[in-house]
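Student: structure, please.
(one chain, ligands or ions: 2)
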Amino acid sequence: VEGMQDMSEVVERWGSRRAFIIAVTGAAVGLGNIWRFPWMTGENGGAAFLMLYVVFLVLLGLPVMIAEIMIGRAGRRTPIQALTHLARDAGKSRHWGWLGLFCGVTLFFILSFYSVVSGWSIEYLVDALSGHFASQSPQEIGSAFDAFLASPGRVLFNHTLFLFLTMSVVALGVGGGLERLNNLLMPLLYLLLVLLVGYAFTTSGFTAALAWLFMPDLSALTPMAIFNAMGHAFFTLAVGAGALMTYGAYMPDDQSLPRAVVTVAILDVAVALMAGIAIFSIVFSQNMAPDSGPGLMFVTLPIAFADLPGGALWLGAFFVLLLLATWTSSINLAEPMVAMLGSLGMARWLAAVLIGVGVWLMGLPSALSFSIWSDVRPFGDMTLFDLATTLPIDIMLPIGGLLIAFFAAWVMEGTRASMAIGAGERFYRHWRAVVRWVSIPLLVVVLVGFFLS
Ligand code: PFF
Ligand code: NA
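Tutor: Ligands and ions are numbered 1, 2, ... in the order given. Model (predicted):
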C-alpha cells in the first residue's frame, strides 16, 4: 500500500508560473462570476453585498485559498492522501482523511446544480444562434426564460447533455487538452465582457447600475446577506472543497503562492464586476427588478445583445465561451471525486460513470424545482433550487474551508507549511496569525450566527 501511494505522487510540474495562474483562473472563473454574483448582489441589496463579499474575499477567501493550495503543494497527492500523510508526518490524528471525503461530497453537490445551470446555457446558446431573441421584446425574453424552466423535458435534456460532456472528458482523461483550449479562449470572454460594459455605458441604466453596485445602503446588511457573501467568496474562488489542492501539486517549486493567488482573485473580481455592471445597467434601463432570482443573467444579456449589430452571433459567442468556462470548472469539480474513487482501486471509466449517474440524480431537484417540484418547500420559503445551491455553497464550502484553514494553521508542521507557501518565513507567520486569529474565528462566528438565527 505504501508503495502504491508513492507512485501516485505527482511528479509533473507546470511549465511556467503563468501556466499555474491561468489554470487556477480557469477553475475560478465560471458561473459564480457571471451568473451567481449578479443574482446574489441583486437579491442582497447591491453594494452592501459587494462590500461584504470583498471583505470576506480578503479575510477568508485568500488566506484559505493559500491554505488549500499549500496543502496540495506539500502533500502532492489526492486530497485524502495529502491530508492523511501531512497529519501523520506532523504526529497528529490520521483521521484528517475524512476531510478529503467531506470535500468530495461538497464537490458532488456543487456539480449537481452547476450542471443544471450550464444546461440552461446550452439552451440559450442554441436559441441565440437560431436568432430566437432578435425579434423579441424584453418582456417576451423574460417570460421565455420562465417558460423554458417550466418545461422539465428541455431542462433535463440539457442537464444530461452537459453532464455527459463533462464526465466523458474526465473518463477519457483528456481534461488537459480542454483546459488548454479554455485558457486560449478565455481572453475572448473577457473581451466580450468589456464590450458589454461599453454597451452598458450607452444605456440609460448605467449610472443607476453603478450606484446600485458601489453606493452601499447599510440597511441591506442583513444576516442573510452576510451569510450569502461568505459562501460566495468561497464559491467564486473555488475554495473549500479541495479542488485546488490538486493544482498545488502541480506548482513549480520556485513560485510564490500568495502572489499567484492575489492575481487570480483580482481577475475573478474583475470578471464579476464587469458582468455586474453590464447586467444591472440592463436591469435599470428596462425597469426590471434587481432581485429577479437565478434567471437574472438569462433575461438581461439577450436584451443587451439584441440591441447590438450582429447581436445573435455575439450572444452565441458569449454562451460558447461561458460554456467553455463552466465545462472546465465542472471538470475541476468532477476530477477529484473520480481520482478519490480511483485511489481505492476503481477503474477510471467506472468511477466517472458512477459519479456521473449520482450527480445526474442529485441534479433532479435543481432541474425540476421550477416545474413539477416547484411547490416542494421543505424549509420555509426556499425552493429545491435554493436548497441545492445554498447547502453546498453557503454551508459546506465554509465548513470545508474552516477545517482546511484549521489543518493548515494548527495541524501541519510549520516549516513544511512555510516552504510550501514559498514566500518566506515572515510571510508565513503573518499568514498563520491571520488564519488563526481572524479567518477561523470569523468563520465560526458567521456559521454559528447563521444556525442560531
Ligand atoms: N469558482 C467557480 C465559479 O465561480 O463558477 C465554481 C467552482 C469551481 C467552485 C470549482 C468550486 C470548485 F471546486
Ligand atoms: Na469565480
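Student: what parts of the stretch 151-300 of the chain come near ligand 2?
Tutor: Where proximity means CB under 5 Å from the ion, the interface of the stretch 151-300 of the chain facing ligand 2 comprises Thr236, Asp268. The C-beta positions use only the backbone N, C-alpha and C, and glycine is treated the same way.
Student: mind running it again at 8 Å?
Tutor: Within the stretch 151-300 of the chain, the residues that sit near ligand 2 (CB under 8 Å from the ion) are Phe235, Thr236, Leu237, Ala238, Asp268, Val271, Ala272.
Student: state the mean pLDDT of the helix or strand harbouring the first one.
Tutor: By that I understand Phe235. Under the criterion DSSP states H and E, the helix or strand holding Phe235 is helix 223-237. Mean per-residue pLDDT for helix 223-237: 97.
Student: by contact count, what packs against that helix?
Tutor: Using 3 or more CB pairs under 8 Å, 6 or more residues apart in numbering; DSSP states H and E, the elements in contact with helix 223-237 are helix 37-43, helix 47-56, helix 62-75, helix 257-285, helix 397-406, helix 440-452.
Student: so which of those helices comes closest to Gly356?
Tutor: Distance to Gly356, taken as CB to CB, is lowest for helix 397-406 among those, at 22.1 Å.
Student: what stretches of the stretch 1-150 of the chain score poorly on pLDDT?
Tutor: Applying pLDDT under 70 to the predicted model, the residue ranges of the stretch 1-150 of the chain that meet it are 1-15.
Student: residue contacts, Ala323?
Tutor: One thing to correct before we go on: residue 323 is Leu, not Ala. Contacts were defined as CB atoms under 8 Å, 6 or more residues apart in numbering; by that measure Leu323 touches Ser118, Ser121, Ile122, Leu125.
Student: could you export the helix holding Phe235 as CSV, CA atoms only?
Tutor: What follows is helix 223-237, C-alpha atoms only, in CSV (Å, rounded to 0.1, in the frame of the first residue of the first chain):
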residue,chain,number,x,y,z
PRO,A,223,-27.7,38.3,8.4
MET,A,224,-28.7,36.6,5.1
ALA,A,225,-26.5,39.0,3.1
ILE,A,226,-23.6,38.3,5.4
PHE,A,227,-24.1,34.5,5.0
ASN,A,228,-24.5,34.6,1.2
ALA,A,229,-21.5,36.8,0.8
MET,A,230,-19.3,34.5,2.8
GLY,A,231,-20.4,31.4,0.8
HIS,A,232,-20.0,33.3,-2.4
ALA,A,233,-16.4,34.3,-1.5
PHE,A,234,-15.5,30.6,-1.3
PHE,A,235,-17.5,29.5,-4.3
THR,A,236,-16.2,32.1,-6.7
LEU,A,237,-12.6,31.3,-5.8
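Student: which residues are contacting that helix?
Tutor: Here helix 223-237 makes contact (CB under 8 Å, 6+ apart) with 28, 32-33, 36-37, 40, 43-45, 48-49, 52-53, 55-57, 60-62, 64-65, 110, 239-240, 264-265, 268, 272, 390, 393-395, 397-398, 401, 443, 446, 449-450, 453.
Student: where does the stretch 301-450 of the chain come near ligand 1, residue by residue?
Tutor: Proximity of the stretch 301-450 of the chain to ligand 1 (CB under 6 Å from any ligand atom) is limited to residues Ser329, Asn332, Leu333.
Student: Phe109 is in contact with the last one, correct?
Tutor: Read that as Leu333. No - in terms of CB atoms under 8 Å, Leu333 does not count as a neighbour of Phe109; the distance is 9.8 Å.
Student: just want to know which of the two has more residues nearby.
Tutor: Ranked by neighbour count (other CB atoms under 10 Å), Leu333 and Phe109 place Leu333 first, with 28 against 23.
Student: can you tell me the closest non-neighbouring residue to the residue of the stretch 251-400 of the chain found nearest ligand 1?
Tutor: As assessed by CB to the nearest ligand atom, ligand 1 sits closest to Ser329 within the stretch 251-400 of the chain, at 4.2 Å. Excluding the flanking residues, the one nearest Ser329 by CB to CB, 6 or more residues apart in numbering is Gly30, at 3.7 Å.
Student: now for the nearest residue to Met340 once chain neighbours are set aside: which residues touch it?
Tutor: Closest residue in space to Met340, ignoring its immediate chain neighbours: Gly104 at 5.3 Å, by CB to CB, 6+ apart. With contacts defined as CB under 8 Å, 6+ apart, the neighbours of Gly104 are Pro79, Ile80, Gly242, Pro336, Met337, Met340.
Student: which pair of these spans the longest distance?
Tutor: When CB to CB is used, the two most widely separated members of the contacts of Gly104 are Ile80 and Met337, lying 11.0 Å apart.
Student: measure stretch 73-86 end to end?
Tutor: Here the two ends of stretch 73-86 are set 11 Å apart, with distance taken as CA to CA, to the nearest Å.
Student: do it and ligand 1 meet at all?
Tutor: No - Stretch 73-86 stays clear of ligand 1 (CB under 6 Å from any ligand atom), getting no nearer than 11.0 Å.
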